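# Structure of the sequence below:
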Amino acid sequence: MVGWFAAKKESNMCGGGEDAIMKDRYGNSAFHLALIIPFCFLYLFFFALLQPARAQTNEGTESRRQRLEQIRETQRRNRETVVSEESSGAVTANVHDDAFGGREMLVYVPFSLPAAGQRSLLVVLHGGGGDARFMLEHLKIDGVAEKNGFIVAYLNGTAAMRIGGGKSKAWNAGGGCCGKPYSEKVDDVGYIIGAVRYLQQKYAIAPERTFGVGHSNGAMMMQTMSCLTDLFREVATLAGTLMVEMPSCPAARNHTIHNYHGALDENVPVAGGFGTRGVTNINFTSQAKAKALFENSGGRYLLDVLPGADHSVEHLSSSSQKQDGLTIGERLARDLRLVSAY
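The predicted model follows:
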């Protein structure tokens, strides 16, 4: 009992016993609540403020996902259009593996060639995400080469992305295009010059009989070569545009670009700007601006817009055939004067 009275007395001396304890407990709770409520309002405010940005991020992710699906579908269709070399008049045994500067290439050498020094070479550049083999299978120009006695060399760019092991390749054509080669400033101009000089020496080809063709990113690379170097006096480009980052083309004088472009191209629109297909986010140069820049520098830019065609080589070829019966390979070989007559 004495202990209980002593404790009770001590409790009263320290602040009023149970009443003091209750006041202290509820007083602290009210204080904490007063702090929490403003933080809740701030959280709700910033959450609402960030919703548009989150929505844009989700929309961007969904857009990229849709574009990747489009690419996979395009690749599936491309595989369905592959035909054998023999069916187009070529000979599989005439395709040779070669390499320069650490990059592999494919070279088609027909059975019958003109005399040394009178031979012609067509250099082919693939599009972004493609490779030399893709262009050999889809351009289908080896049969034309076999019939007319010119050599075709299919070059390779470097890895387009940081992932994928380099299976998908691209070129640094300038103006943001394309992918890893552009961001890492790969010297594709220097590489192509070296590779072509190697082929000219190996096959006894006169420099003036050397021509080029490219598709998409490869077409842009080929236009860049025509703008900056004297390697090609005349080139044919499929679904490309001029992406150089300068106000004029120092080497354009007396050079000619034949650009064949699908009227329905949504990857690299004729009118320029951002494409609605593909995975790039690049503001492409319009055909009108590319033509003006190249011709103001002393060159010729011949635009052939093919009706009903989009970005693919096959659809460009189908549209070409509807016009006058020539595949896109036959058309560009005619325009580059690689064939006797069509």
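
# From now on I want contacts and neighbour counts done on CA atoms only, so please keep to that.
Will do.

# Quick one: end-to-end length of stretch 309-318, please.
End-to-end distance of stretch 309-318 (CA to CA, to the nearest Å): 8 Å.

# And the average pLDDT for that stretch is what?
For stretch 309-318, the mean pLDDT works out to 96.

# Could you give the separation of it from the chain centroid?
Distance, stretch centre to chain centre, for stretch 309-318: 17 Å (CA atoms, centre = their mean, to the nearest Å).

# And the contacts of it?
The contact list for stretch 309-318 (CA atoms under 8 Å, 6 or more residues apart in numbering) reads 81, 138-139, 215-216, 238-239, 260-268, 306, 319, 326-329.

# All the strands of the protein, residue numbers only.
95-100, 103-108, 119-125, 151-155, 158-159, 169-170, 205-215, 234-238, 256-262, 300-306 (DSSP state E).

# Nearest to Cys227, out of the ones you listed?
Nearest of the strands of the chain to Cys227, taken as CA to CA: strand 256-262 at 9.6 Å.

# Pull that closest one out as PDB, backbone CA atoms only.
Output in PDB follows, covering the C-alpha atoms of strand 256-262 (Å, rounded to 0.1, in the frame of the first residue of the first chain):
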ATOM      1  CA  THR A 256      23.800  13.200-110.900                       C
ATOM      2  CA  ILE A 257      21.400  11.700-108.400                       C
ATOM      3  CA  HIS A 258      18.500   9.600-109.700                       C
ATOM      4  CA  ASN A 259      16.100   9.300-106.800                       C
ATOM      5  CA  TYR A 260      13.200   6.900-107.100                       C
ATOM      6  CA  HIS A 261      10.600   7.500-104.300                       C
ATOM      7  CA  GLY A 262       7.300   6.000-103.500                       C
END
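
# just to revisit the earlier point, turn the strands of the chain into TSV, columns for distance to Glu314.
Formatted as TSV, these follow (distance: least, CA to CA, whole Å):
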stretch	distance to Glu314
strand 95-100	21
strand 103-108	20
strand 119-125	16
strand 151-155	18
strand 158-159	24
strand 169-170	20
strand 205-215	11
strand 234-238	11
strand 256-262	11
strand 300-306	12
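
# now, of those strands, which is deepest in the fold?
Highest mean neighbour count of the strands of the chain: strand 169-170, a mean of 28 (counted as mean count of other CA atoms under 10 Å).

# any idea how far it is from the chain center?
With CA atoms, centre = their mean as the basis, the mean position of strand 169-170 lies at 7 Å from the chain mean.

# List the contacts of that strand.
Here strand 169-170 makes contact (CA under 8 Å, 6+ apart) with 126-131, 156-161, 178-181, 217-218.

# ok, 7 Å please
With CA atoms under 7 Å, 6 or more residues apart in numbering as the test, strand 169-170 has contacts from 127-131, 157-160, 178, 181, 217.

# Now do the helices in this protein.
Assigned by DSSP state H, the chain shows helices spanning 2-13, 17-81, 132-139, 142-148, 179-183, 188-203, 217-228, 287-296, 313-324, 328-335.

# between these, which gets the lowest average pLDDT?
Here the lowest mean pLDDT among the helices of the chain goes to helix 2-13, at a mean of 37.

# which residues touch Tyr116?
Heads up, residue 116 is Ala, not Tyr. By CA under 7 Å, 6+ apart, Ala116 lies in contact with 204-205.

# mind redoing it with 6 Å?
Counting by CA atoms under 6 Å, 6 or more residues apart in numbering, Ala116 makes contact with Ala204.

# again, but for Arg197
By CA under 6 Å, 6+ apart, Arg197 has no neighbours at all.

# Please renumber the chain so that the first residue is 616 from this point on.
From this message on, residue numbering opens at 616, which makes the last subject Arg812.

# Any figure for the gap between it and Arg748?
21 Å.

# try Ile807
Applying CA to CA, the value for Ile807 to Arg748 is 17 Å.

# quick one, which of the two is more surrounded?
Taking other CA atoms under 10 Å, Ile807 and Arg748 do not tie; Ile807 has more neighbours (22 against 14).

# Could I get the average pLDDT for stretch 732-743?
Rounded mean pLDDT across stretch 732-743 is 97.

# So what's the gap between that stretch and the chain middle?
Here the centre of stretch 732-743 is set off from its chain's centre by 20 Å, with CA atoms, centre = their mean.

# Need the nearest residue in space to Arg892, chain neighbours excluded.
Here the nearest residue to Arg892 in space, its sequence neighbours aside, is Asn882; by CA to CA, 6 or more residues apart in numbering that works out to 4.9 Å.

# what about the one you found, how many residues close to it?
Asn882 has 23 nearby residues by other CA under 10 Å.

# Sweet, I'm off.
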